[in-house]
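# Structure, please.
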Amino acid sequence: MSTINDINTSETLVLGMGLTGASIARWLKRQGRSAVFADTRSAVDTTAILESLPNATVITDADTSVLDGKTEVIISPGVSDQDPIVSEIRAREIPTHSDITLFAQDAEAPIVAVTGTNGKSTVVSLLAHMCQQADVVFAAGGNLGVPVLDLQEPGERGFYLLELSSFQLSRTAELPLQCGCVLNIEPDHLDWHGGFAAYEAAKLSIYQNCAYAVLPAGHAWPSNLIDVDAVKLRFSKNPPEDVRSFGVADHDGRRYWTNGSEAILAVDEAAMIGEHNVLNIAAALAIGSSIDLPLSAMVAAIRSFPGLDHRHQLVSVLDGVRYVDDSKATNCAAALASAEAVAGPVVMLIGGLGKGEDYSAFTQHLPARVRFAVAYGAIGSEVATALAENGLDHDTAKDLPSAVRAAQAMAQPGDTVLLAPAAASQDAYRDYKARGQHFRQLIEGLAA
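Predicted structure coming up:
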């Protein structure tokens, strides 16, 4: 274990020295406080922390001895719940906090928080666009973009719009919200939480203290986990049941987002593509109503918001074949939703770094419109085996470039070549963004 600037130690430990750790250092500086910073990794960039707190104790290659003499620990979301130091924190019963806890203690503006296995970045970004259209002041961040402790105060008439991960929520005890929303819960990050029950509990904790609870219709989550005083709004892709429900209904042969019996906007007028975004937009409408955003502003935002990069975005149409980038579909549930969102036959690219999911079950549930698949990367052979077991036409490829070439060779006019990997990207790329950008470059090369 190595120590940098081993002076001015305190009773507060910050565990994790990534982006969140750096934001905590800036927050501590504003509070006139300091702390010990520790990380189990040996190669950590401590520059941002030491710029804020030059005399802070910074420890790398940390072990459980960093807990000696500590009376509180602030844990970054990147540190797994299964980490030995975290286990020792529980054994010693040392009080813990998250950066979200620190943020909520100081926040003066109402907070809107969105979580879910898939879609939360899109929904929070759409809500931000809705606020822009309504000239409502907001500060958006959290798991998306700016760490919460770095957000600018939007004022009492504005709102904080937060995307929160299960990691952040699992360590946040008190989070008073104007509105909380869980978009969906599918198996993900089970290695971090130690199982699905803990993952689900972390997501649902967003409802513990909220004025409005926005819930997907049809989910039978335990009512005792939801604030008894919360106004409950529901969203779905089906016709709404009442005025507190947002859904989709047919009017004169067209599908419309609808609140109660009131038609809001035709689905085909939205800028975002993909059937899964129909549900995301219904959720955003419900959340927007909870903070009194004008309907006209929300409609204008839906018509103009194109979606986020690498989230089911159309890259190009070549020789009658659509190429769609959904590199953000890093788990099986997201990849299935992505395939379901395509109209017409699909040639699907599946591969990357696995998360321990059941790819046999995944391939069993692929929609019939997936007529061919190309398995590639670290999980290529595993996925290919699953595809073969389930009688699905497929090919294998070493990497993404060769997978694109194989998909192009199989694609016919009217097909969609869909990158929805159902896996992480770190077998070959820094993150899903780098993978998606490379996919786009490869498609541009096909057109050259």
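# Pull up the gap between residue 337 and residue 249, please.
21 Å (CB to CB, to the nearest Å). For glycine as for every other residue, the C-beta is placed from the backbone atoms N, C-alpha and C.
# For the two, indicate the residue with more neighbours.
residue 337 (24 against 17; other CB atoms under 10 Å).
# Now do the more buried one against residue 268, distance only.
Between residue 337 and residue 268 the computed distance is 19 Å (CB to CB).
# Over to residue 137?
For residue 137, the distance to residue 268 - CB to CB - is 32 Å.
# same thing with residue 27?
Where residue 268 is concerned, residue 27 sits at a distance of 45 Å (CB to CB).
# Could you do residue 144 as well?
27 Å.
# Just want to know which of these two has more residues nearby.
Under the criterion of other CB under 10 Å, the comparison of residue 144 against residue 268 puts residue 144 first, with 20 against 8.
# for that one, what are its contacts?
Counting by CB atoms under 8 Å, 6 or more residues apart in numbering, residue 144 touches 120-121, 124-125, 163.
# What about these, which one has the most neighbours?
Going by other CB under 10 Å, residue 124 tops the contacts of residue 144 with 28 neighbours.
# Was I right to think that residue contacts residue 115?
No - with contact defined as CB atoms under 8 Å, residue 124 and residue 115 do not form a contacting pair (9.9 Å).
# how about the nearest residue to residue 16, chain neighbours excluded?
residue 76 (2.7 Å; CB to CB, 6 or more residues apart in numbering).
# The one you found contacts residue 100, correct?
No - with contact defined as CB under 8 Å, residue 76 does not count as touching residue 100 (11.1 Å).
# who's more crowded, these two?
residue 100 (28 against 24).
# Does that one belong to a helix, a strand or coil?
Three-state assignment for residue 100 (DSSP: H, G, I helix; E, B strand; the rest coil): helix.
# and the closest residue to it other than its chain neighbours, how far is that from residue 11?
Leaving out its chain neighbours, the residue that sits closest to residue 100 by CB to CB, 6+ apart is residue 172, at 4.3 Å. For residue 172, the distance to residue 11 equals 21 Å [CB to CB].
# Surely residue 202 touches residue 172?
No - the criterion here is CB under 8 Å, and residue 202 misses it with residue 172 at 9.1 Å.
# where are the low-confidence patches of the stretch 301-448 of the chain?
Where the stretch 301-448 of the chain drops to pLDDT under 70, the residues are 448.
# ranges for the strands of it?
Taking DSSP state E, counting those that start in this stretch as the test, the strands found in the stretch 301-448 of the chain are 313-318, 321-325, 346-351, 370-376, 394-397, 416-419.
# now those strands in CSV, with distance to residue 446 and mean neighbour count?
Shown next, in CSV, are those (distance: least, CB to CB, whole Å; neighbours: other CB atoms under 10 Å):
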stretch, distance to residue 446, mean neighbour count
strand 313-318, 6, 16
strand 321-325, 8, 24
strand 346-351, 13, 28
strand 370-376, 15, 25
strand 394-397, 15, 20
strand 416-419, 10, 27
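# Adding distance to residue 153, write the ones you listed out as TSV.
Listed next are the strands of the stretch 301-448 of the chain as TSV, based on distance: least, CB to CB, whole Å:
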stretch	distance to residue 153
strand 313-318	33
strand 321-325	36
strand 346-351	43
strand 370-376	46
strand 394-397	50
strand 416-419	39
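# which one of those strands lies closest to residue 108?
strand 313-318 (36.4 Å; CB to CB).
# Next, the angle from that closest one to strand 321-325.
On the basis of axes from the mean of the first three to the mean of the last three CA atoms, to 10 degrees, strand 313-318 is oriented at 160 degrees to strand 321-325.
# Give me the common contacts of residue 124 and residue 115.
residue 163.
# where along the stretch 151-300 of the chain do the helices fall?
Under the criterion DSSP state H, counting those that start in this stretch, the stretch 151-300 of the chain contains helices at 166-170, 190-193, 196-204, 275-290, 295-304.
# mind giving me the domain split of this protein?
Per automatic domain parsing, the structural domains of the chain span 2-97, 101-304, 313-447.
# which residue ranges form the strands in the stretch 51-200 of the chain?
For the stretch 51-200 of the chain, strands defined by DSSP E, counting those that start in this stretch occupy the ranges 57-60, 72-75, 96-97, 111-115, 138-142, 159-163, 177-182.
# Which stretch among those approaches residue 404 most closely?
So among the strands of the stretch 51-200 of the chain, strand 159-163 is nearest, using CB to CB, at 30.4 Å.
# average pLDDT for the closest one?
Averaged across strand 159-163, pLDDT comes to 96.
# who touches the residue nearest to residue 284 when sequence neighbours are not counted in this structure?
Nearest-residue entry for residue 284: residue 126, 4.7 Å, with adjacent residues in sequence omitted and distances by CB to CB, 6+ apart. Neighbour list for residue 126: 280-281, 284, 301-302, 305 [criterion: CB under 8 Å, 6+ apart].
# Residue 33 now?
10, 12.
# gap between it and residue 66?
18 Å.
# Over to residue 411?
Distance from residue 411 to residue 66, counting by CB to CB: 54 Å.
# ditto for residue 206
30 Å.
# the more surrounded of these two?
Between residue 206 and residue 66, counted using other CB under 10 Å, the more crowded position is residue 206 (28 against 22).
# nearest spatial neighbour of that one, skipping sequence neighbours?
In space, residue 206 is closest to residue 180, 4.2 Å off (CB to CB, 6+ apart).
# The one you found contacts residue 204, doesn't it?
No - here residue 180 does not reach residue 204: they are 9.6 Å apart, not a contact under CB under 8 Å.
# And the two? Which one has more around it.
The residue with more neighbours, out of residue 180 and residue 204, is residue 180; 32 against 19, by other CB under 10 Å.
# Appreciated, that's everything.
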